[in-house]
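Asks: Next comes the sequence, and after it the predicted model I'd like to discuss.
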Amino acid sequence: MDKSLFERVRRNKQRTWLVFFLFYLIFLALGSILGLVWGDITFGIIIAFIVAVFYFLIMYWSAESAILAAMDAKPVTPQSHPVLYNVVDGMRIAAGIPMPKVYVIDDTALNAFATGRDPERGVIVVTSGLLAKLDRRELEGVIAHEMSHIKNYDIRVMLYSAVMVGAILLLSDILLRSFLWGGKGGSGKGGQARIVLILIGLALAILAPFIAQLIQLAVSRRREYLADADAVVLTRYPKGLAGALRKIKSDPDPLVDHANKATAHMFINVPFRQHGRFWQSLFSTHPPIDERIAIIERM
């Protein structure tokens, strides 16, 4: 086992929180400028906070059940899928968390994902195609990857990032409309300051949603690296996950029928057909699969 593995895990966690710090800077900047336009910075920040809480409550209580229903996922029992159930049980013991609920999607694509707000409400979902093509050691690697997402609270982390993106989108729209309607602040002697404020605010309102979405994608990619590393810690067998990722990469039909852009970050690999390397890497929810395999094989 590569001695730098745990150091890699630590760095990934640090980078994720650094990215979240950038999220909050954008969020606070939008709220502050909105407050300045309306004549009260504190009021603008309070409005920004209310928007974020509103988004969070909706997503926190409805996301899991809505995703499972949309994916047409079917629950697994020890009798219906004994090998899968046994592998999940073994990996959850290794991870030291409660037994997650297990579901299967009837889809030929090779993929899997985890959801649930915390380890007590963990859910692991795999496709029937994945079960048909992977051997037991490869399946253990995939399940360990998803178990790591649950153990590390990655679903909650991505929920927070989705909330921040949604709040930033809404705040940007409110800010743009405030400029169109005309705010209360900046009248009288502050004419030039008002112009500067408008220019900065307009630039931030236009660019913030784009930047926020790039940050969200960066968070997702960092969590995938972390889950890969933690999966190796759980299985002590890097070849299992590496082999599974190779088969997933070579899948001739990777499209998961019920997947969409809002749920793509949850899967072990992008559940769509991909084209164009540069734009694919810039706007992808996942790091390049060849790079992931190379890192795993060095562990």
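Replies: Great, that's in hand. Numbering: from 1, shown residues only.

Asks: from here on, contacts and neighbour counts on C-alpha atoms
Replies: OK.

Asks: next structured bit after the longest helix seen in the chain?
Replies: The residue-count maximum for a helix in the chain (DSSP state H) belongs to helix 191-235. For helix 191-235, the succeeding helix or strand toward the C-terminus, using DSSP states H and E, is helix 238-249.

Asks: other SSEs contacting that next one?
Replies: The helices and strands touching helix 238-249, judged by 3 or more CA pairs under 8 Å, 6 or more residues apart in numbering; DSSP states H and E, are helix 136-151, helix 191-235, helix 289-297.

Asks: switch to 7 Å and redo it
Replies: When contacts are defined as 3 or more CA pairs under 7 Å, 6 or more residues apart in numbering; DSSP states H and E, helix 238-249 packs onto helix 136-151, helix 289-297.

Asks: can those helices go into TSV with extra columns for mean neighbour count?
Replies: Formatted as TSV, these follow (neighbours: other CA atoms under 10 Å):
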stretch	mean neighbour count
helix 136-151	26
helix 289-297	16
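
Asks: want to try a markdown table for those, with distance to V270 and mean pLDDT as columns?
Replies: Converted to a markdown table, the helices and strands packed on helix 238-249 look like this (distance: least, CA to CA, whole Å; pLDDT from 0 to 100):
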| stretch | distance to V270 | mean pLDDT |
| --- | --- | --- |
| helix 136-151 | 14 | 96 |
| helix 289-297 | 9 | 92 |
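
Asks: So, low pLDDT: which residues of the stretch 101-250 of the chain?
Replies: For the stretch 101-250 of the chain, applying pLDDT under 70 flags the ranges 180-195, 197-198.

Asks: rerun at 90
Replies: 115-119, 121, 152-223, 225-226 (pLDDT under 90).

Asks: picking that back up, I'd like the helices and strands packed on helix 238-249 laid out as CSV, including distance to A167.
Replies: Formatted as CSV, the helices and strands packed on helix 238-249 follow (distance: least, CA to CA, whole Å):
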stretch, distance to A167
helix 136-151, 24
helix 289-297, 31
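
Asks: right, and these - which one's nearest D106?
Replies: D106 sits nearest to helix 136-151 of all the helices and strands packed on helix 238-249, at 16.7 Å, using CA to CA.

Asks: what's that closest one packed up against?
Replies: If you count contacts as 3+ CA pairs under 7 Å, 6+ apart, helix 136-151 packs onto helix 82-95, strand 112-115, helix 191-235, helix 238-249.

Asks: Can you say which of these is nearest to G141?
Replies: helix 238-249 (4.1 Å).

Asks: any idea how far D290 lies from A48?
Replies: Computed as CA to CA, to the nearest Å, the D290 to A48 distance reads 40 Å.

Asks: oh, I was asking about I268
Replies: Distance of I268 to A48, given as CA to CA: 33 Å.

Asks: just A244 next, same as before
Replies: 43 Å.

Asks: what's the answer for F113, then?
Replies: Distance of F113 to A48, computed by CA to CA: 32 Å.

Asks: What does V123 show for phi and psi?
Replies: When read as degrees, to the nearest 10, the backbone of V123 gives phi -140, psi 130.

Asks: residues touching it, list them.
Replies: Contact analysis of V123 by CA atoms under 7 Å, 6 or more residues apart in numbering lists P100, K101, V102, A114, T115, G116.

Asks: Next: D118.
Replies: Taking CA under 7 Å, 6+ apart as the criterion, D118 is in contact with I150, Y153.

Asks: Show me how far the longest helix of the chain is from its chain's centre.
Replies: 12 Å (CA atoms, centre = their mean, to the nearest Å).

Asks: tell me the two of the contacts of V123 that are most distant?
Replies: Using CA to CA, these reach their maximum pairwise distance at V102 and G116, which is 11.4 Å.
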